[in-house]
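Colleague: Got a predicted structure plus its sequence, pasted below:
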Amino acid sequence: QCVLCSAASESHDHLFFNCVYSAEILSHFVGSVWPNPPSDMQTVVLSLTQNPSHLPPQLLSVIKLVFQAIIYLVWKERNSGIFRGTSASPVLTIRAVDRITRDRLLSYPAPDISSPSLLQLYFQHLGSFSE
C-alpha cells in the first residue's frame, strides 16, 4: 500500500505519477510546460532525451533538474512515512523542490550575455511556489 496516499499498491509508476501526493507536486511544476504531465517514467525519459523542438535546450536542463528534485523528495517522504510514520504535506514538498532547484540553478551562469540564466528560465516557465 502506498504510504503517501493509501489509495493503491505502491509501484514506481504509482508513486511518481499516479499518487495524489506526487501528482500535485508534478502538476505544480510541469503543468505550465506540459499541459498533460507525463503518466510514467518512460514518457518522461523519452520526452527529456528526444529534446522536443518546442523546448529550448536550456529549459530542458531546468526541467531535468526539477524532475530530479521531485523524485528525490517524493522518495524521501515515502521513506519518512515508512520509517517515522509521518511525511510532509505536498505543499511543504513543493516548497522544498523549489528551494533545492533555485539553490542548484544559482550555481549555473548564463552561457552568454544575450541568453537568460537557467534561474531566469525556471522563474519564467516553471514558476516558484508562493503563498
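Modeller: The structure has been received and is ready for your questions.
Colleague: any weak-confidence spans in the protein?
Modeller: Counting by pLDDT under 70, the chain shows low-confidence ranges at 35, 37, 51-54, 128-131.
Colleague: Using the three-state scheme, assign residue 124.
Modeller: helix (DSSP: H, G, I helix; E, B strand; the rest coil).
Colleague: Counting neighbours, what do you get for the spatially closest residue to it that is not a sequence neighbour?
Modeller: Nearest non-adjacent residue to residue 124, counting by CB to CB, 6 or more residues apart in numbering: residue 116, 7.2 Å away. Placement of C-beta: from N, CA and C, glycine included. By other CB atoms under 10 Å, 15 other residues sit near residue 116.
Colleague: ok, residue 116 touching residue 125?
Modeller: No: if you go by CB atoms under 8 Å, residue 116 and residue 125 don't touch, sitting 10.1 Å apart.
Colleague: how far away is the nearest residue to residue 20 once chain neighbours are set aside from residue 90?
Modeller: Among residues not flanking residue 20 along the chain, residue 5 sits closest, at 4.8 Å (CB to CB, 6+ apart). In this view, residue 5 and residue 90 are 10 Å apart by CB to CB, to the nearest Å.
Colleague: Need the overlap of contacts for the two.
Modeller: Taking CB atoms under 8 Å, 6 or more residues apart in numbering as the contact rule, residue 5 and residue 90 both touch residue 21.
Colleague: What helices and strands are in contact with the biggest helix by length in the chain?
Modeller: Assignment by DSSP state H gives helix 57-83 as the longest helix of the chain. Helices and strands touching helix 57-83, by 3 or more CB pairs under 8 Å, 6 or more residues apart in numbering; DSSP states H and E, are helix 20-30, helix 41-49, helix 90-105, helix 118-121.
Colleague: Redo those helices as CSV? Include distance to residue 82 and mean neighbour count.
Modeller: Below are these laid out as CSV (distance: least, CB to CB, whole Å; neighbours: other CB atoms under 10 Å):
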stretch, distance to residue 82, mean neighbour count
helix 20-30, 14, 20
helix 41-49, 21, 14
helix 90-105, 16, 18
helix 118-121, 34, 19
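Colleague: Right, I'll call it a day here.
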